[in-house]
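The following block contains a protein sequence and its predicted model.
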Amino acid sequence: MAGFTFCCGDFAEMMDAKGTVTNEILQMIEEDPRVCYINSDSTVNRVAAAMKKHPDRVLDPGIQEMNMVTIAAGLAKEGFIPFVQTFGPFLCVRALDQIHNDVCYNDFPVRLIGTHAGLSSGYGPTHNTIVEFGIMNALPNMTMVAPCDANQAKKLLRKSLDYKGPIYIRIPRGEEPAVYMEDYDYDYEIGKAIELSAGKDLTIIATGMAVYNSVQAARKLEELGLDVGVLDMHTIKPIDKEAIIKAAKATGNILTVEDHNILGGLGSIVADVLMEAGVPARLKKIGVPDCFAEPGYPEELYPYYGLDIDGIVKTAREFLNK
């Protein structure tokens, strides 16, 4: 198995994905007159200064998520590239009508950023966002992306400037471990998975926060004599079918890891790819069961649902009967 030289070792460098995304967008506003930033009830500090400097391109409609999506659609119609940022559950569920009709139907280049993704909010079931993979995957014209850390989120934002159509970007609350060190340069393409390691016994296909834990789990499994590969499936739609099929043919065993409902999420999409391709492979999903997640902070919920490093190792060993 490859040594994951780009990935942090025993010490996990913590990075604030949410803050990094905001800062990167504000920098892009200075560089590109097409870029707009619309946030919901969060105009403080640097954002407030940017709004004062660019009142026509930095906007805050308040706690009106549906209106902010329609505003973004209008800006996109006029040639701008609007980035919309707010809590994930209030974006992908509350404003779904506007995303469906105003953004996707018109195929406008709106970048929808849902923060506090998955189980990261710590505010309970109403603020957890465990359905957006399934929802966004079913919307025509939509691209669905879940960066695994702050550095990758920056690469995605830059790539999105020349990407056609709407994109839903899923990021956690902040202070997640960095998978890719800041000085590590790697190719990033929307829709193309990143093979962190090729395996012979098992391939873990992970997305978002689950990528770091999967890398660490693969290291532990290697110490137990297993050859495990890891795919960073940062793009949920369009899914990288070629990478999935290649991994399934190489190992015959696929383990998907996501902080999302196991119905309609990454695991279900991977299963569809394998079935349609006729590739014989065993599949096991790790994620949130089909229920509203228990209240709690992510450091409590990840172990509860087997999404932590030890949980992934345990499930992988049971799956392989090792």
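Noted; the coordinates are in hand.

Please count neighbours and contacts with C-alpha atoms only from this point.
Noted.

what secondary structure does P147 sit in?
For P147, the secondary structure call by DSSP: H, G, I helix; E, B strand; the rest coil comes out as coil.

what's near enough to touch it?
With contacts taken as Cα atoms under 8 Å, 6 or more residues apart in numbering, P147 has the following neighbours: 153, 156, 169-171, 207-208, 234-235.

now swap in E78 and tell me
In this structure, E78 makes contact with no residue, judged by Cα under 8 Å, 6+ apart.

at 10 Å instead, please
34, 72 (Cα atoms under 10 Å, 6 or more residues apart in numbering).

contact partners of stretch 237-244?
Counting by Cα under 10 Å, 6+ apart, the neighbours of stretch 237-244 from elsewhere in the structure are 133-134, 136-139, 141-146, 167-168, 190-195, 203, 205, 231, 233-234, 247-248, 250, 254, 266, 269-274, 277, 279.

quick one, strands of the stretch 1-150 of the chain?
For the stretch 1-150 of the chain, the strands defined by DSSP state E, counting those that start in this stretch cover 14-15, 35-39, 58-59, 81-87, 111-115, 143-145.

Among the contacts of P147, which one lies nearest to M181?
Distances from M181 to the contacts of P147, taken as Cα to Cα, are shortest for A153 (12.6 Å).

That closest one: which element?
Under the criterion DSSP states H and E, the helix or strand holding A153 is helix 150-160.

Just the buried residues from the contacts of stretch 237-244, in ChimeraX please.
In ChimeraX, this line selects whichever of these come out buried by 16 or more other Cα atoms under 10 Å:
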select :133,134,136,137,139,141,142,143,144,145,146,167,168,190,191,192,193,194,203,205,231,233,234,247,248,250,254,266,269,270,271,273,274
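
My guess is L221 contacts V230. True?
No - the pair L221 and V230 does not pass the contact test of Cα atoms under 10 Å, sitting 11.7 Å apart.

who's more crowded, the two?
V230 (28 against 18; other Cα atoms under 10 Å).

residue closest to the middle of the chain?
With distances taken as Cα atoms, centre = their mean, A146 lies nearest the centre of the chain, 1.3 Å away.

Tell me the spacing between it and S40.
Remark: distance between A146 and S40 (Cα to Cα, to the nearest Å) = 21 Å.

Check A138 too.
From A138 over to S40 (counting by Cα to Cα), the distance is 25 Å.

same question, E31
E31 sits at a distance of 23 Å from S40 (criterion: Cα to Cα).

rank the strands of the stretch 1-150 of the chain by mean pLDDT and give me the bottom one.
Of all the strands of the stretch 1-150 of the chain, the minimum mean pLDDT falls on strand 14-15 (a mean of 53).

quick revisit: looking at the contacts of P147, which are in strands?
The strands in this structure, assigned by DSSP state E, contain 169-170, 235 from these.

a markdown table for these, including neighbour count and distance to P89?
Below are those laid out as a markdown table (neighbours: other Cα atoms under 10 Å; distance: Cα to Cα, whole Å):
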| residue | neighbour count | distance to P89 |
| --- | --- | --- |
| I169 | 26 | 13 |
| R170 | 26 | 11 |
| T235 | 23 | 19 |
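
how about the strands of the stretch 1-150 of the chain, which one is nearest L307?
Distances from L307 to each of the strands of the stretch 1-150 of the chain were compared using Cα to Cα; the minimum, 18.0 Å, belongs to strand 14-15.

any idea how this protein splits into domains?
For the chain, whose domains are defined here by automatic domain parsing, the residue ranges read 14-177, 194-320.

Distance to D185 added to those domains, as a markdown table?
Listed next are the domains of the chain as a markdown table, based on distance: least, Cα to Cα, whole Å:
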| stretch | distance to D185 |
| --- | --- |
| domain 14-177 | 10 |
| domain 194-320 | 13 |
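
Lowest mean pLDDT across those, which one is that?
Of all the domains of the chain, domain 14-177 has the smallest average pLDDT, which comes to a mean of 93.

if we can go back for a sec, CA atoms of the helix holding A153 as CSV?
Included here for helix 150-160 are C-alpha records, laid out as CSV according to Å, rounded to 0.1, in the frame of the first residue of the first chain:
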residue,chain,number,x,y,z
ALA,A,150,-10.0,23.1,3.7
ASN,A,151,-7.2,22.9,1.1
GLN,A,152,-9.3,20.8,-1.2
ALA,A,153,-12.2,23.2,-0.8
LYS,A,154,-9.9,26.1,-2.0
LYS,A,155,-9.0,24.0,-5.1
LEU,A,156,-12.7,23.3,-5.8
LEU,A,157,-13.6,27.0,-5.5
ARG,A,158,-11.0,27.9,-8.1
LYS,A,159,-12.0,25.1,-10.5
SER,A,160,-15.7,26.2,-10.2
